[in-house]
Every structure is written in C-alpha cells, then in structure tokens.
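1. would you be able to build a 3D model of this:
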Amino acid sequence: MSENAITVLERRYLVKDDDLRPVETPRELFWRVARAIAAMDFQYGTSLEEALKSAERFYDLLATGKFEPNSPTLMNAGRPLGQLSACFVLPVEDSLTGIYSTLRNMALIHQSGGGTGFGFSRLRPSGDVVRSTMGVASGPVSFMEVYDASTEAVKQGGTRRGANMGILRVDHPDILKFINCKRDTSRVTNFNISVAVTDEFMRAVEADDEYEVVSPRRGEVVDRLRAREVFDAIVEGAWQNGEPGVFFVDRANYFNPVPHLGSYEATNPCGEQPLLPFDVCNLGSVNVGAFAIDGVVDWDGLREAVHTSTHFLDNVIDANRYPLPEITDLAQRIRRIDDDDADRRRCTGLTACCVGYSRNCVGPCLAKAPWLTDGEGASSLGVRANGRTYQDVIHGQLQPDDVRGTGGGSLEDDLIAQRNLGILGRRLDGHSGNTVPIPGQQQDRHNRQAHDHDPGQEQAKDDR
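-> Now for the predicted structure:
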C-alpha cells in the first residue's frame with residue numbers, strides 16, 4: 001500500500017483506542033471485514049469449511065484492491081455498530097411532525113456513517129396556508145436549511161460530516177427558489193441538489209412552451225412557467241457552481257424494478273442510485289484496471305471478482321444492522337446492491353457476470369458473460385432473462401416461458417424468486433433509462449421503442 005493509502009486507513013477506517021490511536025493494521029481490518037461478511041453464509045446452511053473459503057476470497061479481493069465496499073462496511077463490519085450501508089432515502093411528509101421525524105432519522109443515519117437523500121416535493125410551497133395554525137408555510141428550502149444545520153452538527157460515524165441530496169420536482173411552485181438556493185455558496189453546504197425533471201417538462205423545453213406548476217397540497221394547477229426559462233436557470237446554476245443537477249424522475253420510475261413497492265422520488269447523495277422511501281443500497285466497486293494488463297483483459301479473473309463481490313454485497317444485507325425498522329424491512333424485500341466499476345471511463349456499465357446470484361433457491365442465471373461498453377457516460381445494463389430485461393416483464397413484454405427461474409413456474413413466482421431486484425447503480429446523465437444489448441445480440445423491440453421515444457436522449461448530462 002502507498003503511504004497515502006495507509007494514512008487514510010489510519011485516520012478513518014482502522015479501529016482506534018480511547019486516545020484515537022489505531023489498534024489494528026490494514027491486514028487485520030480486511031480480515032475483520034471478510035470474516036464478518038462471510039459468517040452470513042451460515043444462515044444458508046453453509047459448512048464451516050465453505051464459509052472459511054468465502055472469507056479467504058473476500059480477503060483476497062479487499063487486500064489486493066480488486067474490490068472495495070463502501071466506507072461504512074470497512075468501518076463497521078465486525079464491530080458493535082454494525083451499520084454497513086452508505087446510501088439511504090427518507091420520505092419527508094407535509095407536516096411538522098413528519099418533517100422533524102425525518103430529521104431525527106437523518107441524524108441517526110449520519111451518526112452510523114450513512115448519507116441521505118430526500119424528496120421535498122410533498123411539502124407545500126412558501127406562503128401556502130397552514131390550516132391548523134392559520135399561518136403560512138415557509139416552504140421546502142427553509143426546511144432544507146434546518147436539515148443542513150443538523151448535518152453540520154453530527155459527524156458521520158465519528159469520521160466524516162454528513163452528506164445529503166435534496167430533490168424537488170420541476171412542477172413544484174417553489175422550483176425557482178430551489179434552483180437558486182445555492183447561488184450563495186455559504187448556504188445549504190451539506191446538500192447536493194437536483195431538480196426532478198419530468199417528460200412533460202422536457203417536451204415543453206423542446207417545444208419552447210409553458211408547463212403546469214401544481215400545488216402538492218391541493219393537486220391543482222396554480223401557475224404556468226416557461227420551460228426554457230426554468231431550464232436555462234438550471235444550466236446557469238450548474239455552470240456557475242455545479243448546482244443543481246437533474247434527476248430524470250419519469251425515466252427512473254419507468255424502469256423501476258419494484259413498482260409495487262413504491263415510486264422513486266430521490267437518489268442517494270452522489271446521485272447514481274434512485275431509491276424508494278426508506279430504501280437503502282450497499283455499494284461496492286470492482287477495480288477494472290487491475291484486470292487490464294498491456295491492453296489485454298483478464299476476463300476469467302474479472303468474472304470471478306464480480307461473482308465474489310456480488311456474493312459479498314448480498315451477504316452485507318444480512319450482516320447489516322439498519323438504523324430503522326422500516327429500512328430493515330425494505331432492504332430484506334428488495335436486496336438492492338450496486339456492484340460498480342471503479343473507473344467509469346474505462347468500463348462504463350459493468351454489472352455482475354451472473355447478477356442473479358444463487359445460493360439454494362433463487363432466480364435465473366442472468367447475463368452469462370461480462371462485457372464492457374465504449375461510451376464515456378455510464379450505461380444502464382438491465383437484469384436479463386434470455387437476453388431480455390426484467391423491465392420488459394414489468395411492462396408486459398415478456399411471457400412466463402421467457403423467464404427461467406426456480407419459483408415454481410409462474411411469472412409471478414419467478415419474479416419473487418429473483419434474489420437481488422436492484423442490481424446496478426445508474427449515472428443519471430440521460431442514459432439512465434436505456435439497457436445495453438449483449439454484443440452480437442439484437443436489441444429487443446421494447447427497448448428500441450423506449451429509445452425512439454426517449455426525451456432524455458438530448459438532455460444535458462448531470463456531470464456530478
């Protein structure tokens with residue numbers, strides 16, 4: 001390891017004594033994490049010998065730098081806190097009780113090392129009536145500042161300050177206040193912000209037309225704004241200081257693999273992972289560069305690393321001690337993981353070689369070989385059954401015979417049998433709704449149609 005790497009480990013990751021001196025070595029850290037995660041295999045009838053082999057494989061990935069999980073896993077695995085995830089989304093209800101309940105939950109997540117995303121679109125706009133007090137609402141931006149102040153006061157896991165993502169729909173009455181709230185760089189400094197842009201809005205931008213602004217409390221149209229003026233304000237802010245970004249909310253929800261459990265309204269703080277309310281994702285990165293030597297890719301080594309890292313991340317779900325029962329419940333139902341590539345410029349869109357990771361009960365073996373894409377932006381690779389995507393199942397493009405699984409024969413059972421419904425994190429840069437065909441295989445009809453009608457094709461990239 002380099003001197004810089006050891007310094008970072010000592011400052012943030014190694015176990016320390018009461019005087020904040022490290023009491024473990026990097027080697028001991030990797031073994032602590034590997035053993036704690038491999039121990040989850042026992043829940044599935046694995047023998048001691050097999051669990052020890054898993055621990056050795058996990059250790060090898062971590063110690064050689066071929067794969068690393070998100071920071072909370074390195075910090076907390078095998079320790080009393082046990083919170084191993086980095087990315088959460090919390091709902092913000094339109095009531096004082098709801099707002100401050102979410103604030104409390106945010107503080108607990110930050111204390112455990114996680115970051116939080118929020119959709120503030122349910123909150124009534126500034127100046128709207130509050131019937132219980134006959135007063136007026138202060139609006140989403142004011143409560144973002146309350147959350148920001150709390151974040152400033154709470155260090156994440158004792159090692160770093162909190163991180164947040166604030167998202168507001170483009171059709172919210174306070175959208176212009178939201179877009180401009182970070183022009184003063186001393187305000188809401190613990191937030192990234194993004195505008196949830198709709199298909200309707202993007203069509204209005206293209207046509208240089210107006211679009212409707214809707215009251216979240218009454219569900220009524222209260223104004224009309226010129227779409228290009230709003231879009232120009234977004235672009236101006238992004239040029240000036242990188243804020244706001246954009247979240248293509250309709251596109252994300254179109255490809256939501258679990259629409260029966262809810263809709264996306266926000267992302268994690270970094271913006272690559274749309275999440276449901278009370279949703280969570282375990283992140284990890286495969287170091288693709290470690291498998292490319294003199295221009296030749298070690299496909300077998302890469303395949304093994306992706307399989308092993310998928311096993312690792314799936315075990316993290318079982319090892320995790322989530323800060324809220326609602327999060328625990330949803331995490332176990334969805335089992336969402338994000339096995340990403342560490343260098344998106346060299347491998348844009350790596351997913352698990354067999355993302356339907358199977359122990360003894362689940363799902364089709366999907367995407368039988370790893371592959372790279374040649375675009376600069378990250379591409380979304382759908383979870384594939386017979387070369388088709390589970391998004392096709394959701395939108396009625398697959399029949400039961402198209403899905404190979406072990407759920408008992410019916411399409412519904414096979415969908416339930418699929419273990420990890422959320423597999424891949426997506427850069428929300430205009431490509432987030434498109435699947436990538438396996439090389440040599442014709443792109444399916446459904447995805448061609450989605451591409452033809454995709455208003456995001458000409459949208460500006462969220463370069464964060």
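2. make it CA atoms for all contacts and neighbour counts henceforth
-> Will do.
3. show me the beta-bridge partners of the closest residue to residue 120 other than its chain neighbours.
-> Excluding the flanking residues, the one nearest residue 120 by C-alpha to C-alpha, 6 or more residues apart in numbering is residue 168, at 5.5 Å. In this entry, residue 168 is beta-bridged to residue 195, by DSSP bridges.
4. residues in contact with residue 168?
-> Residues in contact with residue 168 (C-alpha atoms under 8 Å, 6 or more residues apart in numbering) are 119-121, 175, 178, 194-196.
5. the stretch 1-150 of the chain: strands as residue ranges?
-> 67-69, 87-91, 115-119, 129-130, 135-136 (DSSP state E, counting those that start in this stretch).
6. save those strands as a markdown table, and put in mean neighbour count too.
-> Shown next, in a markdown table, are the strands of the stretch 1-150 of the chain (neighbours: other C-alpha atoms under 10 Å):
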| stretch | mean neighbour count |
| --- | --- |
| strand 67-69 | 24 |
| strand 87-91 | 26 |
| strand 115-119 | 27 |
| strand 129-130 | 14 |
| strand 135-136 | 12 |
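7. make a markdown table out of those strands and add distance to residue 201.
-> Listed next are the strands of the stretch 1-150 of the chain as a markdown table, based on distance: least, C-alpha to C-alpha, whole Å:
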| stretch | distance to residue 201 |
| --- | --- |
| strand 67-69 | 37 |
| strand 87-91 | 24 |
| strand 115-119 | 18 |
| strand 129-130 | 27 |
| strand 135-136 | 28 |
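8. now these in JSON lines, with mean pLDDT?
-> Shown next, in JSON lines, are the strands of the stretch 1-150 of the chain (pLDDT from 0 to 100):
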{"stretch": "strand 67-69", "mean pLDDT": "93"}
{"stretch": "strand 87-91", "mean pLDDT": "94"}
{"stretch": "strand 115-119", "mean pLDDT": "95"}
{"stretch": "strand 129-130", "mean pLDDT": "69"}
{"stretch": "strand 135-136", "mean pLDDT": "68"}
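9. and residue 372, what's its pLDDT?
-> Looking at residue 372, its pLDDT is 29.
10. how about the one 3 residues further on?
-> Among the per-residue scores, residue 375 holds a pLDDT of 27.
11. same check, this time on the one 3 residues further on
-> pLDDT, residue 378: 25.
12. likewise for the one 10 residues further on?
-> Per-residue confidence at residue 388 stands at 36 (pLDDT).
13. check residue 95 too.
-> At residue 95, the pLDDT value in this model is 90.
14. quick one, phi/psi of it?
-> When read as degrees, to the nearest 10, the backbone of residue 95 gives phi -160, psi 160.
15. what is the burial count for it?
-> 13 (other C-alpha atoms under 10 Å).
16. now it: closest residue in space that isn't a chain neighbour?
-> Residue 95 sits nearest to residue 123 (C-alpha to C-alpha, 6+ apart), 7.9 Å away.
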